[in-house]
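A.B. asks: No letters, just coordinates:
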């Protein structure tokens, strides 16, 4: 039995939809398409254009704020949820169910539901504001509030997913240390701060880096909620690539942007593989 | 004091759980009541299935359901076959270049097909597959994640069992089928649940490669249906939203433990 024969089917598809596209992306980023459809080599011109593109810097910065807004908060909530669910608390099965449910919903359905919360005047949020006499507000139509609104929604969607990892880690911890500390008279906050949280550090780093990688892929909601607007205030890098490639039909420029996204993802993955996986997670 | 802080925590935990369920509860409320009650919550509000009936009649949701089911089955079937064979090669055979080959597989964990939309669109289009269900499924079939997960499991299979099967005259494929696959059942279930959830919910790639009712999955159908320019009533859109997420939600409620454990098993890679 030849091992290569077993590998062949998977290898063909991997080559066609991962390896070739990566190489083609890099290649196409050095060309532009002429009027007659033939490619023209332009060297680093596309990259120069990217670095002078104010929208590019805008969406990159948005991506940064989006990650910073969603990752730490949803992880803190996830840890809190995991601690609660792990304890012998009344109705913990229900709590776990409630926290985890958003994870199994399609992002597009979530976006539809939250779109209604944020609808000006008629939406739920403005109805609540109306109760205390505040005027309506165009939450998703205003550059100052749109990102915050989307961040809140994504925190709701993701926290339960991260809870699972903390839960798995908590179940691995030996109760001896905590018991010993409790016998010594240590308070619960002290035990958490000095024992539980440090022991969970590998998990925390693991989730943080995975969540950061994931935040570059989360763009589904933009398609129906904001289309990246107003004036790119909510756009993210992958969504910008989608727009450039399929709305503006500029695939050379989209390839260049993709190369930059690939560099970011590989950097994050390298940090994960060289540092995290070896030293902390798979001891 | 200690008991008091405990009960405060319990109440906070429950409060958070209720807040977490509220958006979903709201979606069900709005879908099951006439449009007039979309934002006024009164116990006397009449219940209705009208929104579902109208959503179902206004867009080909039956066809979208069929497409999504076909997509999810096709993707999973392809993944199971391809990943099993590849994982078997990596776990049980020594061959030149296996290290490099495995690294090339793992590359897909870093660079998922989701971000290669521009070039994958070209590949699909040059294969003449645009606007078909296989076009949505193909990029995901050779799942590095599946190969990795199964390889780990196969490596844990006791060598005695393999030797015993070999003595009885089983060939390599028979050993795979009779020894490895049955023992990897929990991994298959975990991977299957995660894969089905992922592809049921996937949106951006299907949006890009589909363009007609015949190939569009539910998520894309919902986005087309709910676009503001269609002017469809809010309650009807919520009904369509509930329809889109219902099958997975029901499956989750029924097999809660398996779902949570699968995501746990699959996530710690």
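C.D. replies: Here it is on my side, so go on. This is a predicted model, so every value here is computed, not measured.
A.B. asks: surely residue A:44 meets residue A:30?
C.D. replies: Yes: Residue A:44 lies in contact with residue A:30 (CB atoms under 8 Å); the separation is 7.5 Å. The C-beta positions use only the backbone N, C-alpha and C, and glycine is treated the same way.
A.B. asks: Counting neighbours, go ahead and name the busier of the two.
C.D. replies: Neighbour totals were compared for residue A:44 and residue A:30, and residue A:30 leads with 19 against 12 (other CB atoms under 10 Å in any protein chain shown).
A.B. asks: Residue A:59 versus that one, what's the distance?
C.D. replies: Using CB to CB, to the nearest Å, we find residue A:30 at a distance of 22 Å from residue A:59.
A.B. asks: Wait, residue B:24 touches residue A:101, no?
C.D. replies: Yes: counting by CB under 8 Å, residue B:24 touches residue A:101, with 6.4 Å between them.
A.B. asks: which parts of the stretch 151-283 of chain A sit against chain B?
C.D. replies: A:156, A:160-161, A:164-165, A:167-168, A:188, A:210, A:216-217, A:219-220, A:223-224, A:238, A:241-242, A:245-246, A:251, A:254-255, A:258, A:261-262, A:265-266, A:269 (CB under 8 Å from any CB of the partner chain).
A.B. asks: Could you look up the SS state of whatever residue of the stretch 151-283 of chain A ends up closest to chain B?
C.D. replies: Residue nearest to chain B within the stretch 151-283 of chain A: residue A:269 (3.8 Å; CB to the nearest CB). Assigned by DSSP: H, G, I helix; E, B strand; the rest coil, the conformation of residue A:269 is helix.
A.B. asks: any idea of the pLDDT on it?
C.D. replies: If you check residue A:269, the pLDDT there is 87.
A.B. asks: Enumerate every residue touching residue A:44.
C.D. replies: residue A:30 (CB atoms under 8 Å, 6 or more residues apart in numbering or on different chains).
A.B. asks: One more: residue A:3?
C.D. replies: Going by CB under 8 Å, 6+ apart, residue A:3 touches B:89, B:93, B:95, B:98.
A.B. asks: The first one contacts residue A:11, correct?
C.D. replies: Read that as residue B:89. No: applying CB under 8 Å, one finds residue B:89 not in contact with residue A:11, separated by 9.7 Å.
A.B. asks: List the buried residues of stretch B:127-140.
C.D. replies: Within stretch B:127-140, the residues that count as buried by 16 or more other CB atoms under 10 Å in any protein chain shown are B:129, B:132-140.
A.B. asks: nearest to chain A, of those?
C.D. replies: residue B:139 (4.0 Å).
A.B. asks: so which helix or strand takes in the closest one?
C.D. replies: Residue B:139 belongs to helix B:133-141 when assigned by DSSP states H and E.
A.B. asks: what's next to that helix, contact-wise?
C.D. replies: A:13, A:16-18, B:67, B:70-71, B:74-75, B:78-79, B:82, B:113, B:116, B:120, B:124, B:129, B:199, B:202, B:205-206, B:209-210, B:215, B:217.
A.B. asks: run the last query once more with 7 Å
C.D. replies: A:13, A:17, B:67, B:70-71, B:74-75, B:78-79, B:82, B:113, B:120, B:124, B:129, B:199, B:205-206, B:209-210, B:215, B:217 (CB atoms under 7 Å, 6 or more residues apart in numbering or on different chains).
A.B. asks: Stretch B:117-126 now?
C.D. replies: By CB under 7 Å, 6+ apart, the list of residues contacting stretch B:117-126 reads A:16-17, A:20-21, A:24-25, A:241-242, A:245, A:251, A:254-255, A:258, B:113, B:130, B:135, B:139, B:204-205, B:208-209.
A.B. asks: The longest helix belonging to chain B: which residues count as buried?
C.D. replies: With secondary structure taken from DSSP state H, chain B has its longest helix at helix B:61-92. Buried residues in helix B:61-92, counting neighbours by 16+ other CB under 10 Å, are found at B:61, B:63-65, B:67-68, B:70-72, B:74-76, B:78-80, B:82-92.
A.B. asks: Could you do stretch A:242-255 as well?
C.D. replies: Buried, per 16+ other CB under 10 Å, within stretch A:242-255: A:242-246, A:250-255.
A.B. asks: Those residues in helices, which ones?
C.D. replies: Per DSSP H, these map to helices at A:242-246, A:251-255.
A.B. asks: Name the residues of the helix or strand just after the longest helix of chain B that come out as buried.
C.D. replies: Next helix or strand after helix B:61-92 toward the C-terminus (DSSP H and E): helix B:98-110. Residues of helix B:98-110 classed as buried under the neighbour-count rule (16+ other CB under 10 Å) are B:101-102, B:104-105, B:107-110.
A.B. asks: quick one, helices of the stretch 1-150 of chain A?
C.D. replies: Assigned by DSSP state H, counting those that start in this stretch, the stretch 1-150 of chain A shows helices spanning A:3-14, A:20-28, A:45-52, A:54-86, A:92-100, A:107-118, A:124-131, A:146-172.
A.B. asks: meant to ask about the stretch 101-250 of chain B
C.D. replies: B:117-126, B:133-141, B:144-155, B:159-167, B:172-175, B:181-183, B:185-201, B:204-209, B:218-226, B:234-254.
A.B. asks: Which of those sits closest to residue B:31?
C.D. replies: helix B:234-254 (4.2 Å; CB to CB).
A.B. asks: Does anything pack onto that closest one? Which helices or strands?
C.D. replies: Helices and strands touching helix B:234-254, by 3 or more CB pairs under 7 Å, 6 or more residues apart in numbering or on different chains; DSSP states H and E, are helix A:107-118, helix B:2-31, helix B:50-58, helix B:218-226.
A.B. asks: any idea which residue sits dead centre in chain A?
C.D. replies: residue A:215 (1.8 Å; CA atoms, centre = their mean).
A.B. asks: Could you measure from that one over to residue A:265?
C.D. replies: Applying CB to CB to residue A:215 and residue A:265 gives a distance of 11 Å.
A.B. asks: which intervals of the stretch 151-269 of chain B have sub-threshold pLDDT?
C.D. replies: The model of the stretch 151-269 of chain B has pLDDT under 70 over residues B:227-232, B:267-269.
A.B. asks: which bits of it sit near chain A?
C.D. replies: Within reach of chain A by CB under 7 Å from any CB of the partner chain, the stretch 151-269 of chain B has these residues: B:172, B:197, B:200-201, B:203-204, B:207-208, B:219, B:222-223, B:226, B:234, B:237, B:241, B:244-245, B:248-249, B:252, B:256, B:259-260, B:263-264, B:267-268.
A.B. asks: again, 8 Å this time
C.D. replies: So the stretch 151-269 of chain B meets chain A at B:171-173, B:197, B:200-201, B:203-204, B:207-208, B:218-219, B:222-223, B:226-227, B:234, B:237-238, B:241, B:244-245, B:248-249, B:252-253, B:256, B:259-260, B:263-264, B:267-268 (CB under 8 Å from any CB).
A.B. asks: Residue ranges of each domain in chain B, please.
C.D. replies: B:2-52, B:60-267 (automatic domain parsing).
A.B. asks: now, of those, which is deepest in the fold?
C.D. replies: domain B:60-267 (a mean of 19; mean count of other CB atoms under 10 Å in any protein chain shown).
A.B. asks: what sits up against stretch A:257-268?
C.D. replies: Here stretch A:257-268 has contacts from A:22, A:25-26, A:29, A:50, A:56, A:209, A:212-213, A:216, A:237-238, A:240-241, A:244, B:110-111, B:115-116, B:118-119, using CB under 8 Å, 6+ apart.
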